[in-house]
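# need a structure here:
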Amino acid sequence: MIRLERRHQASRTALVLAPIGAVAFTLAISALLVLWAGAPVGRTYALLLQGGFGSVFAWSETLTRAIPLILTGLAATVAFKARLFNIGAEGQLYAGALAAVAVGGMHGGTGFELSPWLLFPLMMLAAAVAGALMLLGPALMKNRLGVDEVVTTLLINFIVLLGVSALLDGPMKDPTAMGWPQSVSLQSDLELGKLIAQTRVHTGLLWAVSLAVMVWAVFKYTVLGFDIRAVGANARAAAFAGVPVTRTVVSVALLSGALAGLAGAIEVAGRTSYVTLDMSPGYGYTGIVIAMLAGLHPLGVIAAGVFVAGVLVGADTMSRAVGVPTYIADVIVAASLIAVLVATLLTQYRVRRSR
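Next up, the predicted model:
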């Protein structure tokens, strides 16, 4: 019989090598699917890397795709650190995007006739509050009533998307969109500027990186960060030691939901300028993968977000050249998550054979 025995102390080297080994294992497994599709593995992976990182244009597309992924990855990281399993970042992202447009795009595009210098922070604040409120309810239900937050946050995603559909065909519909279901646009003064000329990379990248550094600083240097780690390690023991568990869970919910809401606002202000039902191709769910690939480290989320974005962008180039479906990118991302979970487990436990 095989059993798992907990290690007394996880090796730092093992913790660093675990995600690297998991990605290598994932690429090896994915190579079998590439061979099955009848394509050369080396050329396929070379095109994948070239499409995601092989030119200025490739890097610009990768970094543009990485911005919402970093923010939803941070949202998952904050929540998971406290063992609040937020699966609702997708709905929180859309809630933030709608709130941003409601403040900065409605009312005939005048935005309450306020100065852009005042309207822009109000727009971002509205997006953060909208995302935070989407997670606050499930967090309180878990803390007070023991309701599984995985179920509630997941179901709220569908409720929000149905609400988005109703609003885009109703009061928030753009009358100049020729019947296409999309919201009114933000006024141009509220859009984020380009970070690199003649590319789609916008200053939202600076927001994402800055927020990652801020979250890291909160975890490392603040009392709240200590409380979050304590509640995540053992909520009952933390409460016995005097940690305010309910207040910590509420703070985590507000911060996590706000980050996902900001992802929606920054995506609207930086890339689309309006909300559509297909604005997010699953950024909220992919953020969970990114958080796990990063080992729930806020700075690691930046690297993981760029890696996943590069895979998704590079898959388009690879597919056109060798005929392998772009879904191989989804396989790589999903398999990476499973491999990282297994690798992390093996850094904390050793496999023993019982006699």
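
# The nearest residue to A315 once chain neighbours are set aside sits in which helix or strand?
Closest residue to A315 apart from its sequence neighbours, by C-beta to C-beta, 6 or more residues apart in numbering: A329 at 3.5 Å. Backbone N, C-alpha and C define where each C-beta goes, glycine included. Here A329 is covered by helix 327-348, with elements defined by DSSP states H and E.

# Just the residues contacting that helix, thanks.
4, 6-7, 10-11, 14-15, 18-19, 21-23, 25-27, 29-30, 33-34, 37, 48, 286, 288-289, 292-293, 295, 308, 311-312, 314-315, 318-319 (C-beta atoms under 8 Å, 6 or more residues apart in numbering).

# try stretch 222-232
Taking C-beta under 8 Å, 6+ apart as the rule, stretch 222-232 contacts 78, 80-83, 218-219, 237-238, 241, 243-245, 248-249, 251-252.

# Return the members of the residues you listed classed as buried.
Neighbour-count burial (16 or more other C-beta atoms under 10 Å) applied to the contacts of stretch 222-232 gives 78, 80-83, 218-219, 238, 243, 245, 248-249, 251-252.

# And the pLDDT at L337?
If you check L337, the pLDDT there is 81.

# Could you count how many residues lie near it?
18 (other C-beta atoms under 10 Å).

# ok, longest helix in this structure?
helix 116-145 (DSSP state H).

# helices or strands up against that one?
Here helix 116-145 is seen to pack against helix 89-104, helix 149-168, helix 245-267 when contacts are counted using 3 or more C-beta pairs under 8 Å, 6 or more residues apart in numbering; DSSP states H and E.

# Just name the most buried of these.
Counting by mean count of other C-beta atoms under 10 Å, helix 89-104 has the highest mean neighbour count of the helices and strands packed on helix 116-145, with a mean of 30.

# Report the angle between it and helix 149-168.
With axes from the mean of the first three to the mean of the last three C-alpha atoms, to 10 degrees applied, the angle from helix 89-104 to helix 149-168 works out at 40 degrees.

# how far does helix 89-104 sit from the chain's center?
In terms of C-alpha atoms, centre = their mean, to the nearest Å, the centre of helix 89-104 is set 15 Å apart from its chain centre.

# What of stretch 309-325?
Going by C-alpha atoms, centre = their mean, where stretch 309-325 is centred and where its chain is centred differ by 21 Å.

# Just the mean pLDDT for that stretch, thanks.
Computed over stretch 309-325, the average pLDDT equals 84.

# Return the set of buried residues in it.
Quick answer for stretch 309-325 (16+ other C-beta under 10 Å): 309-315, 317-319, 321-322, 324.

# quick one: which of those is nearest A132?
A309 (25.2 Å; C-beta to C-beta).

# what's near enough to touch that closest one?
G52, T62, L63, R65, A66, L69 are the contacts of A309 under C-beta under 8 Å, 6+ apart.

# Try it again at 7 Å.
By C-beta atoms under 7 Å, 6 or more residues apart in numbering, the residues touching A309 are T62, R65, A66, L69.

# Am I right that the first one is in contact with F53?
Yes. Counting by C-beta atoms under 7 Å, T62 touches F53, with 6.5 Å between them.

# Tell me which of the two has more neighbours.
Remark: of T62 and F53, T62 carries more neighbours, 23 against 15, as counted by other C-beta under 10 Å.

# Just the element for the more buried one, please.
According to DSSP H and E, T62 maps onto helix 56-81.

# Spatially, what comes nearest to N86 if we skip its sequence neighbours?
A79 (3.7 Å).

# What distance do you get for that neighbour to K194?
32 Å (C-beta to C-beta, to the nearest Å).

# more crowded one of those two?
The residue with more neighbours, out of A79 and K194, is A79; 32 against 14, by other C-beta under 10 Å.

# Am I right that L296 is in a helix?
No. Looking at L296 with DSSP: H, G, I helix; E, B strand; the rest coil, it is coil, so not inside a helix.

# Contact partners for it?
T77, F80, K81.

# Can you list phi and psi of it for me?
Backbone torsions of L296, given as degrees, to the nearest 10, read phi 60, psi 30.

# What number of residues are in the vicinity of the spatially closest residue to it that is not a sequence neighbour?
Distances taken as C-beta to C-beta, 6+ apart place T77 nearest to L296, at 5.0 Å, with adjacent residues excluded. Around T77 there are 29 other residues, counting by other C-beta under 10 Å.
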